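In: fold the stuff below for me.
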Amino acid sequence: MSDFPDRTGPRLEADPAWVGNLYERLAEDDEGRVCEAISDEACRVVPGNFLRTLVANTLTSIGDRIASAKTTLPWLLGHLGAPIWCLSLLVPIRESGSMLPQMVIGAAVRRRAVRKWVWVSGSLLQGASLAAIGFVALTLEGLAAGVAVLLLLTLFSLARGACSVSYKDVLGKTIPKTRRGRLSGWIGAVAGLGAMATGAGFGLLPAEVPAWVYSALLFGAAGLWVLAALAYARIIEYPGATEGGANGFREGLGKLALLRDDVPFRRFVIGRALAMGSGLAAPFYVALARDDLGSAAALLGIFIAVEGLAGLVSAPVWGRWADRSSRMVFGVACALAGVLSCGVAVWSWLDLPAEAARWFYPLAFFGLGIAHAGVRLGRKTYLVDMAEGNQRTDYVAVSNTVIGALLLGSGLVGAAAAAFSVEAAIVILGLSGLVGAGLSLRWKEVGGSKA
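Out: Predicted coordinates:
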């Protein structure tokens with residue numbers, strides 16, 4: 001590959017030959033460069049950008065496992081004696097806080113011709129937030145610790161939202177349409193290895209650990225985000241369009257009209273909303289398993305490792321399939337999650353022997369991990385492929401904002417259903433997934449070539 005000037009900064013040296021060779025193996029791009037929906041100049045630097053994106057997002061994915069709002073942070077707040085209501089707000093803040101402001105964030109991102117620096121800044125801010133939470137673990141207790149963690153998690157979540165909007169836009173400018181799913185697949189696979197190691201580590205922890213152990217985990221996760229920012233900063237991104245980024249809040253809210261006027265996009269958002277159960281059902285699986293098998297800490301480690309294994313074995317397959325038809329990947333994975341959830345609920349109602357439950361719940365969680373990986377990869381690839389230019393940023397911002405609001409509502413509904421019956425909550429999530437799978441059949445096909 002010859003030298004090529006990067007208009008975002010100084011002239012960069014050509015990537016070494018091994019970069020191109022590794023890219024060809026990972027992306028299966030040995031039949032000549034396939035550059036659909038990106039510029040000719042961006043096409044010439046695809047191999048290096050592919051690998052830099054892979055490294056950066058793998059590091060943050062592993063960090064997400066270590067600093068999970070479903071595992072590490074609840075354990076930390078419990079250890080510090082924070083009120084129970086603080087624990088109940090962790091997941092809603094972690095997920096919704098990164099989605100709700102994205103229409104406004106999207107308008108700000110559009111004002112920038114080069115958008116990778118939004119991701120870099122957001123990654124550094126996430127790392128700083130996690131490091132601060134680690135410091136809280138060493139210095140505060142009770143209500144003060146709980147409030148501090150929630151405030152820092154809010155900051156983390158907002159930074160994550162900026163990364164989400166800018167990432168999909170940079171991805172659309174730097175990676176060919178028929179290689180984006182494979183990139184996401186490899187990110188999921190490598191991150192799965194990290195999750196397996198993390199799960200094994202959790203499984204080895206005793207029931208009670210000192211606060212410095214949680215701090216060390218959070219400091220380690222923060223370091224991963226810093227390394228990710230360094231890797232992402234080396235992506236070669238050429239300036240893009242900046243039209244329509246001037247009015248921030250007003251323009252962001254105005255983009256909600258897409259849900260009324262753009263039928264394919266509206267169908268996508270409805271399907272994505274119905275598919276939320278593939279992620280929301282996981283804590284209920286763990287709750288049922290804990291009730292039947294006990295030893296929550298060790299069992300949690302098993303589930304983290306099993307989820308990582310699911311991503312490792314399934315993400316590359318989902319990714320290659322998504323490059324052919326991301327719509328089908330989403331639909332099949334969504335249906336799988338729905339069937340599994342209904343099956344788990346029936347199993348629990350039957351109250352079968354604990355000996356059988358020892359293999360059933362980890363196996364079901366493994367299946368849910370496979371399904372959730374497919375749902376995430378399918379809808380991400382579909383969203384990036386269905387739009388071009390600034391339309392992509394608008395789609396990401398509007399869909400994430402709507403889903404963020406629905407997550408809060410579904411969380412309340414799920415909590416009410418779970419108070420009555422955990423199995424009932426799982427069935428509701430499973431049935432919604434099946435409906436979402438059916439609706440995805442009405443999505444238009446946006447996949448690339450069969451390459």
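In: need the pLDDT of Arg7.
Out: With respect to pLDDT, Arg7 scores 40.
In: the spatially most central residue of the chain is in what secondary structure piece?
Out: Central residue of the chain (Cα atoms, centre = their mean): Arg376, 7.0 Å from the mean position. Assigned by DSSP states H and E, Arg376 belongs to helix 354-386.
In: which stretches of the stretch 301-450 of the chain form strands?
Out: Along the stretch 301-450 of the chain, no segments are classed as strands by DSSP state E, counting those that start in this stretch.
In: need the helices for it, in chain order.
Out: Listed in chain order, the helices of the stretch 301-450 of the chain (DSSP state H, counting those that start in this stretch) span 354-386, 390-420, 422-440.
In: helices and strands around the helix holding Arg376, which ones?
Out: Helix 354-386 sits against helix 142-174, helix 180-204, helix 263-274, helix 277-280, helix 282-293, helix 296-350, helix 390-420, with contacts defined as 3 or more Cβ pairs under 8 Å, 6 or more residues apart in numbering; DSSP states H and E. For the C-beta atoms, the positions are set from N, CA and C on the backbone; glycine is no exception.
In: now that helix: buried residues?
Out: Buried residues in helix 354-386, counted by 16 or more other Cβ atoms under 10 Å: 357, 360-362, 364-386.
In: ok, stretch 280-299 next?
Out: For stretch 280-299, the neighbour count (16+ other Cβ under 10 Å) marks 280-290, 292-293, 297, 299 as buried.
In: again with stretch 423-439
Out: Neighbour counts using 16+ other Cβ under 10 Å place 423-430, 432-437, 439 of stretch 423-439 among the buried residues.
In: gap between it and the chain center?
Out: 20 Å (Cα atoms, centre = their mean, to the nearest Å).
In: and stretch 340-359, by the same measure?
Out: With Cα atoms, centre = their mean, you get 28 Å for stretch 340-359.
In: contacts for it next, please.
Out: Stretch 340-359 has contacts (Cβ atoms under 8 Å, 6 or more residues apart in numbering) with 277, 281, 285, 288-289, 292-293, 360-361, 364, 367-368, 371, 422-424, 426-427, 429-431, 433-434.
In: nearest to Arg115, out of the helices and strands packed on helix 354-386?
Out: Closest of these to Arg115 is helix 142-174, at 4.6 Å (criterion: Cβ to Cβ).
In: can you state the direction angle for that closest one and helix 180-204?
Out: Relative orientation of helix 142-174 versus helix 180-204 (axes from the mean of the first three to the mean of the last three Cα atoms, to 10 degrees): 150 degrees.
In: just want the angle from helix 142-174 to helix 354-386.
Out: Relative orientation of helix 142-174 versus helix 354-386 (the same axes, to 10 degrees): 50 degrees.
In: contacting residues around Gly368?
Out: You called it Gly, but residue 368 is Leu. Residues near Leu368 by Cβ under 8 Å, 6+ apart: Ser278, Ala281, Ala282, Tyr285, Ala310, Ala337, Leu340, Ser341.
In: next: Tyr232.
Out: Arg52, Thr53, Ala56, Lys116, Trp119, Val120, Ser123.
In: these two touch, right, the second one and Lys168?
Out: Looking back up the chat, that one is Thr53. No: assessed by Cβ atoms under 8 Å, Thr53 is found out of contact with Lys168, at 11.4 Å.
In: between the two, which one's more packed in?
Out: Thr53 (25 against 22; other Cβ atoms under 10 Å).
In: what distance separates the helix or strand that contains that one from the centre of its chain?
Out: Under the criterion of DSSP H and E, Thr53 resides in helix 46-66. Helix 46-66 sits 12 Å away from the centroid of its parent chain (Cα atoms, centre = their mean).
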